[in-house]
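this is a predicted model, with the sequence first.
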Amino acid sequence: MIRIGIVGTGNIVGISHFHTLGLLCDGRAEITAVYDTRMDGAREWAAQHGLNCRVCGSFEEMLDYVDAVNICVPNAFHCDYALRAIKAGKHFLVEKPMAVQIEDCRKLAAACAEYGKTNMVGFVYRFSNAVQQARKIVREQIGDVYTLSAWFGGKRLADPSIDLEWRMVRKRSGSGALGDFGSHLVDLADYVAGQRYSEVNCFADTFIRERNFGGVMTPVENDDAAAFIARGSNGIGSYTASRVGMDDVMVLVTGCGGMLQLSLRSPQSVTYWEKKPDGGYTGAVKQYELAPQKPFDGWFDAEMKSFLDAIEGKPSDGADVAQGLYVEEVLHAAELASQSGKTERVAI
């Protein structure tokens, strides 16, 4: 059995909850230790999940009892825990973003380049059946990609009466909707369609500029929404990310052999419009009906399987830290473009 440690238990139903369910569902792993800065909260969390594991008083203590670490702490602490896992020679999975500052992302990637253990970044939307089917269609039928359009976001924070949260504070979260939602879209563009970008332009804005914090109206420090376009050797991508009003993941890909659309609003199907590579669209439209998969639970089950596969040296669909750095470099260039008003080059 692979011994897993969970760092950052947080809420009873949070990211660590889905990690745990996925690991237990797989059967190859045992959660042997957990750590959270709130030790009483960690004990309660472990009990709620029926775990007979060690509740540790420090991260270093936890490392003595595990082979691999799942890092589910707030964004600002991702890099530090990942570097400590590397130093201890442990496999790790860190939730995105791998760090808040681009310099720390680069530092972590450099450390992983000399590292012989599994390193993975949590881009969970890769593991939806709809995304897997779309990837297959691109490879087998569409071929060369022309354009990719996508959006992703949420609606909860459209309410201005919601108090200031950690995700609205730059030193704790980094960018806002651009990083929170845009990161998944940039990763999906590469994973589904093989699009990797070298230049980006972007507009970003904060529409609810102040929120209550402890009875005082306090500035929101990052973007509520962003729209960006990007270009690379394999076509053009256009994106919208918003935390103040946007539907679930939608991706539209066009290319030499046709067009496809997936929406995680309706994750049981993917639509493909047929086109002859040397001609036009034929009029044929195929609806791919997919096996049922519960959103979040099913995706995390597949992601944890991929993590354990990688630890065992098997092929894995997980994104490694090098991919995580690429995504953050694209988003960093997008944020620079939103400030400069000019197209910015991606550092990688």
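Looks like it came in fine.

which SS state does the residue lying farthest from the centre of the chain fall under?
The outermost residue of the chain relative to its centre, with distances by CA atoms, centre = their mean, is G279 at 36.8 Å. Secondary structure state of G279, per DSSP: H, G, I helix; E, B strand; the rest coil, is coil.

pull the contacting residues for it.
By CB atoms under 8 Å, 6 or more residues apart in numbering, the contact list for G279 is empty. Where C-beta positions appear, they are placed from N, C-alpha and C, glycine not excepted.

which helix or which strand is home to Y326?
Under DSSP states H and E, the secondary-structure element containing Y326 is helix 321-340.

make that G41, sorry
Under the assignment given by DSSP H and E, the secondary-structure element containing G41 is helix 39-48.

what does that helix contact?
Outside of helix 39-48, the residues that reach it under the criterion CB under 8 Å, 6+ apart are T9, G10, I12, S16, V34, Y35, D36, C53, V55, G57.

now do 6 Å
T9, I12, V34, D36, C53, V55 (CB atoms under 6 Å, 6 or more residues apart in numbering).

rebuild the residues you listed as CSV, extending it with neighbour count and secondary structure.
Compiled in CSV, the contacts of helix 39-48 are given as follows (neighbours: other CB atoms under 10 Å; DSSP: H, G, I helix; E, B strand; the rest coil):
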residue, neighbour count, secondary structure
T9, 28, coil
I12, 12, coil
V34, 29, strand
D36, 24, coil
C53, 20, coil
V55, 21, strand
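
between all of the residues you listed, which two are separated the most?
Pairwise distances across the contacts of helix 39-48 peak at 15.8 Å for I12 and C53 (criterion: CB to CB).

please enumerate the helices of this protein.
With DSSP state H as the criterion, the chain has helices at 15-26, 39-48, 59-63, 78-87, 102-113, 129-137, 170-173, 177-180, 182-193, 297-311, 321-340.

kindly reformat the ones you listed as TSV containing mean pLDDT.
Written out in TSV, the entries for the helices of the chain read as follows (pLDDT from 0 to 100):
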stretch	mean pLDDT
helix 15-26	96
helix 39-48	95
helix 59-63	98
helix 78-87	98
helix 102-113	97
helix 129-137	98
helix 170-173	94
helix 177-180	97
helix 182-193	98
helix 297-311	97
helix 321-340	98
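
sort the contacts of helix 39-48 by pLDDT and name the bottom one.
Taken together, these show their lowest pLDDT at I12, with 50.
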